[in-house]
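Chemist: Fold the stuff below for me.
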Amino acid sequence: MAGGGGAQGTEFTLDVPRRAPIVERITSARRRARVLFRIQFAAVWLILITLIVVGLYAGGRIEPDWLGRNAPFILGGIGITILVSIASIVLATFMALIGALGRLSTNAIVYAVSSFYVSLVRGTPLLVQIYIVFFALPQLGIVLDPIPSGIVALGFNYGAYMTEIFRAGIQAVPHGQVEAAHAVGMPDRLIFRRIVLPQAVRIVIPAVGNEFIAMIKDSSLVSVITVQELLWRARNVGTRDARSIQAFLVAALVYWILTIIFSIFQERLERRLARSDR
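Modeler: Model (predicted):
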């Protein structure tokens with residue numbers, strides 16, 4: 001028996017060195033494949049961007065001197081664009097949480113009000129809502145500056161769409177946890193604050209990130225009420241010098257870069273949440 005055990009032990013120790021190189025080779029091959037994929041991906045993007053730039057330059061659509069003089073002015077609107085987007089998503093998150101609780105309420109009046117809010121906002125264009133906040137509310141005695149008006153309109157609009165996201169997130173929390181909390185005598189408010197809300201927030205964060213990326217682009221609509229963000233600045237200098245193509249290309253490139261940056265942050269956050277879930 002002892003000899004058999006020794007033989008098995010020897011066989012095991014001999015298998016480890018034999019298997020280790022195989023695992024290392026597989027891991028190394030996968031690493032090389034990932035690196036090669038990224039290189040090919042970056043090369044294709046670089047080629048496409050180069051073709052577009054060369055084509056526009058060859059066609060006389062890009063003037064480096066004009067870009068050098070006016071690009072800093074256009075880029076000066078990045079701060080306002082980010083400010084409007086962040087403030088709007090904060091307001092939208094608050095509106096969405098309130099709306100979701102209303103949509104889940106058993107009170108008919110609360111449910112009707114929240115459903116009316118969602119239906120009204122989702123049934124009317126965002127641009128119309130921006131005009132109402134900036135031009136119509138002053139007739140009712142509510143006067144807001146351009147930037148606050150844009151934030152209110154964007155937050156109000158996105159809050160309605162995000163209401164359904166938050167409602168689904170709250171309903172995704174296992175009901176058994178709520179029943180267990182009731183069994184130990186926890187009040188409803190404490191259950192929501194300590195059990196339901198933390199889990200619901202983790203569930204909806206990826207969707208909220210997508211909404212924020214969309215809001216960065218939709219923030220350009222506030223240029224119609226003289227908010228001096230990217231699009232407003234690009235339109236002004238482009239119209240003034242009859243260089244609209246170049247001005248709008250600069251604005252489009254900045255919006256594109258902003259969405260890429262925040263998309264990377266969102267992907268990393270999602271991977272972090274996925275690791276914690278596992």
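Chemist: who touches residue 254 in this structure?
Modeler: 74-75, 78, 230 (C-beta atoms under 8 Å, 6 or more residues apart in numbering). Where you see a C-beta, it was placed from the backbone N, CA and C, and this is true even at glycine.
Chemist: what does residue 110 give?
Modeler: Here residue 110 is in contact with residue 102 (criterion: C-beta under 8 Å, 6+ apart).
Chemist: where exactly do the helices run in the stretch 51-200 of the chain?
Modeler: Remark: helices assigned in the stretch 51-200 of the chain by DSSP state H, counting those that start in this stretch are 64-75, 78-103, 108-122, 126-131, 146-172, 175-183, 188-191, 197-218.
Chemist: nearest to residue 41, of the ones you listed?
Modeler: In terms of C-beta to C-beta, the element of the helices of the stretch 51-200 of the chain nearest to residue 41 is helix 197-218, at 20.0 Å.
Chemist: How far off centre is the helix or strand following that closest one?
Modeler: Later in the chain than helix 197-218, the nearest helix or strand by DSSP states H and E is helix 230-241. Centre-to-centre, helix 230-241 and its host chain are 27 Å apart (C-alpha atoms, centre = their mean, to the nearest Å).
Chemist: Can you give me the buried ones in the helix or strand containing residue 259?
Modeler: Following DSSP H and E, the helix or strand that holds residue 259 is helix 244-277. Buried residues in helix 244-277, counted by 16 or more other C-beta atoms under 10 Å: 246-251, 254-255, 258, 262, 266.
Chemist: Where does pLDDT dip in the protein?
Modeler: In the predicted model, the chain carries pLDDT under 70 at residues 1-20, 59-61, 274-278.
Chemist: Quick check: residue 43 vs residue 260, distance?
Modeler: Residue 43 is 17 Å from residue 260, where distance means C-beta to C-beta, to the nearest Å.
Chemist: If you could redo that for residue 157, that was the one I meant.
Modeler: From residue 157 to residue 260 the distance is 24 Å (C-beta to C-beta).
Chemist: same check, this time on residue 169
Modeler: For residue 169 relative to residue 260 (C-beta to C-beta), the value is 26 Å.
Chemist: would you list the buried residues of helix 244-277 in a markdown table and tack on distance to residue 90?
Modeler: Shown next, in a markdown table, are the buried residues of helix 244-277 (distance: C-beta to C-beta, whole Å):
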| residue | distance to residue 90 |
| --- | --- |
| 246 | 34 |
| 247 | 30 |
| 248 | 29 |
| 249 | 31 |
| 250 | 28 |
| 251 | 24 |
| 254 | 22 |
| 255 | 20 |
| 258 | 17 |
| 262 | 15 |
| 266 | 16 |
